[in-house]
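Chemist: here are the coordinates; sequence isn't available:
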């Protein structure tokens with residue numbers, strides 16, 4: 001049963017050591033960590049895994065290439081996914097975040 005979920009947000013100027021939040025309800029916990037690079041995301045994900053997080057999602061700001069890089073570096077049994085947009089929404093996102101595809 002899923003009880004511990006992690007979400008990693010990527011944008012410039014975030015610091016994973018400072019920019020994070022935890023949301024707890026009875027029986028379910030969500031940890032959000034904000035990072036500014038793939039390397040910080042890898043570190044944050046390893047920390048989450050060591051803390052018992054069962055599933056991790058990466059925000060759409062990673063883009064496919066970056067998300068796949070982070071996932072490959074982790075070599076874990078914890079499932080790691082990333083937010084993906086359909087083609088119309090991806091065009092909107094790319095206007096806000098160049099190289100997000």
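Modeler: In hand now; what should we look at? Computed from a predicted model, the values in this text were never measured in an experiment.
Chemist: Have a look at this protein and report the helix or strand with the lowest mean pLDDT.
Modeler: The weakest-scoring helix or strand in the chain, judged by mean pLDDT, DSSP states H and E, is helix 87-96 (a mean of 85).
Chemist: how far is that one from where the chain is centred?
Modeler: Centre-to-centre, helix 87-96 and its host chain are 19 Å apart (Cα atoms, centre = their mean, to the nearest Å).
Chemist: Tell me which residues of it come out buried.
Modeler: Neighbour counts using 16 or more other Cβ atoms under 10 Å place 90, 93 of helix 87-96 among the buried residues. C-beta coordinates here come from the backbone N, C-alpha and C atoms, glycine included.
Chemist: what's the answer for stretch 51-64, then?
Modeler: 53, 56, 57, 58, 59, 60, 61, 62, 63.
Chemist: Quote the end-to-end distance of that stretch.
Modeler: Length of stretch 51-64, first residue to last, Cα to Cα, to the nearest Å: 26 Å.
Chemist: contact partners of stretch 20-39?
Modeler: Contacts with stretch 20-39, where a contact means Cβ atoms under 8 Å, 6 or more residues apart in numbering, come from 2-16, 19, 41, 43-44, 47-48, 51, 53, 62, 66, 69-70.
Chemist: follow-up on the earlier one: so which of the buried residues of stretch 51-64 sit within strands?
Modeler: Judged by DSSP state E, these include 56, 57, 58 as members of strands.
Chemist: how close does the second one get to residue 27?
Modeler: The reference is to residue 57. According to Cβ to Cβ, to the nearest Å, residue 57 and residue 27 sit 19 Å apart.
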